[in-house]
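A.B. asks: kindly return the folded structure for what I paste below:
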Amino acid sequence: MWTMLRACVCALGSEGVRVMMESALTARDRVGVQDFVLLENHTSEAAFIENLRKRFKENLIYTYIGSVLVSVNPYKELEIYTKQHMERYRGVNFYEVSPHIYAVSDNAYRSMRTERRDQCILISGESGAGKTEASKKILQYYAVTCPASEQVQTVKDRLLQSNPVLEAFGNAKTLRNDNSSRFGKYMDIQFDFRGAPVGGHILNYLLEKSRVVHQNHGERNFHIFYQLIEGGEEDLLRRLGLERNTQQYQYLVKGNCPKVSSINDRNDWKAVRKALSVIGFNDDEVEELLNIIASVLHLGNVQFGAEESGNAYITTDTQIKYLARLLGVEGSILKEALTHKKIIAKGEELMSPLNSEQAASARDALSKAVYGRTFTWLVNKINLSLAYKDDLYPLSKNASVIGLLDIYGFEVFQQNSFEQFCINYCNEKLQQLFIELTLKSEQEEYESEGITWEPVQFFNNKIICDLVEEKFKGIISILDEECLRPGDASDLTFLEKLENTVGGHAHFVTHKLADGKTRKVMGREEFRLLHYAGEVNYNVNGFLDKNNDLLFRNLKEVRALGLTVLFCCVNAHHTSSLCCSSILTQCFDREELTDKKRPETTATQFKNSLAKLMEILMSKEPSYIRCIKPNDAKQAGRFDEVLIRHQVKYLGLMENLRVRRAGFAYRRRYEVFLQRYKSLCPDTWPNWKGRLADGVSTLVKHLGYKPEEYKLGRSKIFIRFPKTLFATEDALEVRKHSLATKLQACWRGYSQKSKYLKMRHSAILIQAWWRGILALREAKRRRTAADTIRRFIKGFIYRKQPRCPENEYFLDYVRYSFLMNLWRNLPKTVLDKSWPTPPPALTEASEQLRNLCMQNMVWTYCKRISPERKHQLEQKLVASEIFKDKKDNYPQSVPKLFASTRLNGEEISPKVPNAHEPCHPVFPCISVSSLSDGLFVLHVPCEDNKQKGDVVLQSDHVIETLTKVAICADKINNVNISQGSIKFTVGRGKEGVIDFTPGSELLVTKAKNGHLSVTAPRLNSR
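C.D. replies: As a prediction, the model looks like this:
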């Protein structure tokens, strides 16, 4: 079952993030094909563009043409450049993952490491197509994925930080792109034997120096000028003599575009300053560099006037002062150099004045030369910082290199001039190289696989390259000859010479040589070249001036303005007073003055540089990235079919596809093909045990492939038609349903069984663990119980001895038990006299606690009673002192409250004194019996014979009455309670006796002996 499960998983191509490229073929109707080679109608440009549209709509910006990557600029951020994506493509076969620039980068890196052959990645496309961003992504990929060390990290940082510096000095805002590279760049990244980047080298081509002095409407000068003005510190601007206003400088206002919404010059300035520091520029070099940039702006503000004789003079002395200070030259020498030219006649040097127009041209030529040479110095400085300097592992001759070529694409404008001619010539050479290398790689692959090579018919653009570069007969040679010949040479004479020399060439047309229909769309100052990508008209105006770099020409020439003197040596008698900038001293070599050799023209320099570049590229294994701009408005999601068709044509993509499809459209290694499609054949499913070639042969026979549809090589299968592959892919899609059912059944069974075994194992572990815990707890409990019993018994034995280690636990336990018992059984009221019996050792403490408890309850009780209640209790207390255990009816009076009065108003005799008047009864004592009767006697003293004697009274509330009388008369201690009889005075010395006897009911009578007999029931046994 597990074998079946594993086979199903492999067949479905589920390998984590590594999804096989072919897995998207089933969605081709929605997202197109990932390789244009798989287009059924590969010759149709409409089908090509429609496939691009489908993928662009789904944010799939990358597509292959074989090994060539086509990239469409999305004009928005996509989440496909994270570190996780880098790891996804790292070390993966080129076709195992979806198209991506990281796949091309990783494939080049792995080829370099495994084959030990230098690689190069050629990036081309129109301005705004994303070439610069593509080179950045490649550098970032190598910086993250390559091995690193402290020294290697420094190189990585410098490689990455070289981009913002080169962009600041070499990029500008154009109508097509806000960050357009105005120069070609080839960068070599050097890797050591470990595969770590350890150095680099940059070559630059054809910087657009004319942009320094002129910009079209809606365009800007190079970024560095705006960054300096917007981001520079106030002190820096003050020292450079600049204002924070770009409108003040003539070289920055011609395009009328000082601000761009997508560019933050202030932040970019900070990034450039940081990058210069990382690369290794010291403060003096940065200061000199900024002085030169500021001097170019001041040069642009130098204005000229005309004297009566027509000679030019400078009208802006302030700018001359700034220039003299920034460049380290004398102002008078600078003025002379800008308004005069040097002529050497018969060995004699003469200074000839210039008119205002010539002086302005000389000023602009000087500005371009200063900026152009400074840019070259800057590139050389960066190269110096990127050079490998580690002595521990010196870079050997076998060091590996990956080159990045970020070059301009084919350009066709309304007006095409010298720059477009050079750029398109460069693209012709690259196309020639591409066709040669592509056909070569195709032929090598066929031969290595043992398949017969079928010659491919293609347009060989060597004829166009020869037309441009052929010695003595090519356009460049004719242009150089016209620039250097004596006489009145002009752009029109150059055009005439072209007509006379190459007029019969099949790919060359002028207005004069064209037919009537062509003349209607061509100017008289234009010539047309039929490039591989289409027809382009070039206007010859300015060809000679742009090819003639005036500061490069010998100073004896009439058109040489003599401005090199300013930086090399203005003239012999000024040499001692000249102090030049060290950077400019390096840029303008003094040996140029003494060198009698005629300098090369711009076109020749470019041709020679291009030839060297071709040699470099031919020595390396190439990879290609073709960048496409989807629209001119830089809007995300907008697909301009006309513009894209134009780029597809000029990038030669259809030609690339046709060459790639000339043989077999699809090729894969046997193991990859068999692994994906083995489920379609019963003999190869679930696993093939024999040779891979036999397995693939069995599989394709079962699928019904015809002999002309495929070929089997030594290690690969070649399929000629995409429809054959699509039919196989569709069959696999149908097969996936049954595979999915088996997969689900196998997986569910395996999953449930695994889950059950896991749960069973977990339950056993939990049970064993819990039983162990319970056993440990029980053992611990028993051990503790045994220790406690042992200590208790020992303490009981020694309980009567003084406290010692043997009995301290027992004594503490007894005390603790008593205190806990006491805490649980404390008396609840003051009348509750219960109290636990204390152990002998706590007798005294128990008594103290008992007293404290009682006091606390009493205090608490007293605190809660009212004044009336207090008075009542005081009376009850007095009654208790007098009658408790002495009179039978006392207990019955205890729960009854004493009343404040028991007399109504009618019962009070008027003869009785006012109750409110103070009354002080005088009698020595009070007598009452111990029985329950209500009689009592108030003994009154006999002070005279008028006294009637003692008072005998009866009250139903005798306890209450006597208590209040005793309190009122202060006779508490004078209440006599008699057991048998009471004697009382009747008057005049006579006495009476009251006898009290217990009985069943209350009865008062006079006895025979004359006594008063009172019988009262006994209510309480004393």
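
A.B. asks: could you use CA atoms for every contact and neighbour count after this?
C.D. replies: Will do.

A.B. asks: and the end-to-end length of stretch 53-73?
C.D. replies: Here the two ends of stretch 53-73 are set 12 Å apart, with distance taken as C-alpha to C-alpha, to the nearest Å.

A.B. asks: residue boundaries of the helices in the stretch 551-700 of the chain?
C.D. replies: 582-587, 591-594, 602-618, 641-650, 653-660, 670-677, 692-703 (DSSP state H, counting those that start in this stretch).

A.B. asks: check which helix or strand Ile926 maps to.
C.D. replies: Assigned by DSSP states H and E, Ile926 falls within strand 925-929.

A.B. asks: so what strands line up beside that strand?
C.D. replies: Taking DSSP bridges as the criterion, strand 925-929 sits next to strand 935-939 (antiparallel), strand 975-978 (parallel) in its sheet.

A.B. asks: what helices or strands is the following helix or strand past the last one leaning on?
C.D. replies: Yep, that's strand 975-978 we're talking about. As assigned by DSSP H and E, the chain's next helix or strand after strand 975-978 is strand 981-987. Based on contacts counted as 3 or more C-alpha pairs under 8 Å, 6 or more residues apart in numbering; DSSP states H and E, the elements that strand 981-987 packs against are strand 925-929, strand 935-939, strand 990-999.

A.B. asks: which element is Leu69 on?
C.D. replies: When secondary structure is defined by DSSP H and E, Leu69 falls within strand 68-72.

A.B. asks: how much does that strand deviate in direction from helix 641-650?
C.D. replies: 160 degrees (axes from the mean of the first three to the mean of the last three C-alpha atoms, to 10 degrees).

A.B. asks: so what strands line up beside strand 68-72?
C.D. replies: Paired with strand 68-72 in the same sheet, following DSSP bridges, are strand 62-65 (antiparallel), strand 621-628 (parallel).

A.B. asks: and the contacts of that strand?
C.D. replies: Contacting residues not belonging to strand 68-72 are listed as 56, 61-64, 99-101, 104, 129-130, 623-630 [C-alpha atoms under 8 Å, 6 or more residues apart in numbering].

A.B. asks: right, and the helix or strand after that strand?
C.D. replies: Counting by DSSP H and E, the element that comes right after strand 68-72 along the chain is helix 83-89.

A.B. asks: so what's the gap between that following helix and the chain middle?
C.D. replies: On the basis of C-alpha atoms, centre = their mean, to the nearest Å, the separation between the geometric centre of helix 83-89 and that of its chain is 16 Å.

A.B. asks: just use 822 as the starting number from now, easier for me
C.D. replies: Sure, I'll start numbering at 822, so the last one becomes helix 904-910.

A.B. asks: any idea of the mean pLDDT for that helix?
C.D. replies: Rounded to a whole number, the mean pLDDT of helix 904-910 is 92.

A.B. asks: just the pLDDT at the residue lying closest to Gln1800 once chain neighbours are set aside, thanks.
C.D. replies: Closest residue in space to Gln1800, ignoring its immediate chain neighbours: Ser1751 at 5.5 Å, by C-alpha to C-alpha, 6 or more residues apart in numbering. The model reports Ser1751 with a pLDDT of 87.

A.B. asks: just checking, Ser1751 touches Lys1708?
C.D. replies: Yes. In this structure Ser1751 lies within contact range of Lys1708 using C-alpha atoms under 8 Å: 4.2 Å.

A.B. asks: now for these two: what residues contact both?
C.D. replies: With C-alpha under 8 Å, 6+ apart, Ser1751 and Lys1708 have common neighbours Ile1798.

A.B. asks: buried residues in stretch 1710-1722, which are they?
C.D. replies: With burial defined by 16 or more other C-alpha atoms under 10 Å, the residues of stretch 1710-1722 counted as buried are 1710-1712, 1715, 1719.

A.B. asks: done for today, thanks.
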